[in-house]
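Novice: Got a predicted model here, sequence first, then my questions.
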Amino acid sequence: MKKMQKGLATTCVFFSLVFLVCSIFTISSSSFASTGKTLDNLQAAYDGESNANAKYLAFAAKADEEGYGEVASLFRAAAKAEQIHMASHAKVIQEMGAVPIAKIKEAQVLTTKENLQAAIEGETYEKTMMYPEFISAADQRQL
Ligand SMILES: [Fe+2]
């Protein structure tokens, strides 16, 4: 149980960081009119947030099935956060004259412990790799 609590705390930190990074990317991208690479990155971000939303809802159902109601609530809250990120990205994509596109893939649902680990890994990738690269590209106005 202590390991689960540690994982839960770590996951909460990652979700908080991702919320911040996603918000910065959306603001950075919307602060000037840009196309090309930034639009592609926004579409990739929209797709990623859309898939994360679906994945966390599936993880929540699995957590409920395994009797981890609090973890299920966390996943539902994370799914809602992802929905907000999706909407923010969609708004900017539409302001740039494009249509947001997401291809929802079936989530790989394992045990709740494994799902938490997968969530941590996914959010870490977004925080340390994906969004920093997207922000850099937007700041450099790469077309
Ligand atoms: Fe997100």
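Specialist: Done, it's in. Residues are numbered from 1 along each chain as shown.
Novice: Mind checking which residue lies nearest the centre of this protein?
Specialist: Glu49 (4.1 Å; CA atoms, centre = their mean).
Novice: Quick check, that one in contact with Ile93.
Specialist: No. Glu49 is beyond contact range of Ile93, at 11.6 Å (criterion: CB atoms under 8 Å). Quick note: C-beta positions are derived from backbone N, CA and C, even for glycine.
Novice: Now the element after the helix or strand hosting Asp40, going C-ward?
Specialist: Here Asp40 sits within helix 37-65, counting by DSSP states H and E. Sequence-wise, the next helix or strand downstream of helix 37-65 (DSSP H and E) is helix 69-95.
Novice: which strands and helices sit next to that next one?
Specialist: Helix 69-95 is packed against helix 2-30, helix 37-65, helix 112-125, with contacts defined by 3 or more CB pairs under 8 Å, 6 or more residues apart in numbering; DSSP states H and E.
Novice: angle of the helix or strand following the shortest one against helix 37-65?
Specialist: Translated: helix 112-125. Counting by DSSP H and E, the next helix or strand C-terminal to helix 112-125 is helix 131-139. Here the directions of helix 131-139 and helix 37-65 differ by 150 degrees (axes from the mean of the first three to the mean of the last three CA atoms, to 10 degrees).
Novice: Helix 131-139 to helix 112-125, inter-axis angle?
Specialist: 30 degrees.
Novice: Give me the mean pLDDT for helix 131-139.
Specialist: Average pLDDT, helix 131-139: 92.
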